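generate coordinates for the sequence data below:
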Amino acid sequence: MKLVIVTAVEQFQKDVLKLFKKANIESFSSSEIDGYKNGTSLLMASNWFSGEKGSNESSLFFSFTEDENIDTLFNLIKEFNTNLETNNPLKAIVVPIEKFI
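Residues are numbered from 1 along each chain as shown. Next up, the predicted model:
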């Protein structure tokens, strides 16, 4: 068993849910997060007092699942990312689990 974590901008939330289903990952959790990209310090300084939000609304998904499901999910994510027209690919990582109850 391993922990898989996927992040996506809000517009791809439904797509991630479909990918989890195709990968036979039926049990998972999600959370809304703010995603940031580092800007130049000059741009940051010019916006110091502005009311603009410097983040993207994003989602984080995670699941404790088996290796074969993760392999399928990673293949689906690679395919999804190759067809994107934006600069916001889905990102995924796997964390091994040493112990669990």
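
show me the contact partners of the longest strand along the chain.
Secondary structure of the chain per DSSP state E: the longest strand is strand 56-65. Here strand 56-65 makes contact (C-beta atoms under 8 Å, 6 or more residues apart in numbering) with 1-10, 12-13, 16, 20, 25, 27-37, 88, 97, 100. Placement of C-beta: from N, CA and C, glycine included.

next step: these restricted to helices.
When the contacts of strand 56-65 are checked against helices (DSSP state H), the matches are 13, 16, 20.

figure out how far the longest strand of the chain is from the centre of its chain.
5 Å (C-alpha atoms, centre = their mean, to the nearest Å).

direction included, what does it pair against?
With DSSP bridges as the test, strand 56-65 is paired with strand 2-9 (antiparallel), strand 29-35 (antiparallel).

just those strands: most buried one?
A comparison of those by mean neighbour count, using mean count of other C-beta atoms under 10 Å, puts strand 2-9 on top with a mean of 19.

got a list of what residue 69 touches?
4, 23, 24, 25.

and residue 80, what helix or strand is that in?
Here residue 80 sits within helix 67-82, counting by DSSP states H and E.

before we move on, the earlier item: need the ones in helices among the contacts of strand 56-65 in JSON lines (columns: distance to residue 66 and neighbour count).
Below are the ones in helices among the contacts of strand 56-65 laid out as JSON lines (distance: C-beta to C-beta, whole Å; neighbours: other C-beta atoms under 10 Å):
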{"residue": "13", "distance to residue 66": "24", "neighbour count": "15"}
{"residue": "16", "distance to residue 66": "19", "neighbour count": "23"}
{"residue": "20", "distance to residue 66": "13", "neighbour count": "22"}
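
could I get those residues as JSON lines with pLDDT and distance to residue 62?
Formatted as JSON lines, those follow (pLDDT from 0 to 100; distance: C-beta to C-beta, whole Å):
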{"residue": "13", "pLDDT": "95", "distance to residue 62": "14"}
{"residue": "16", "pLDDT": "97", "distance to residue 62": "11"}
{"residue": "20", "pLDDT": "98", "distance to residue 62": "10"}
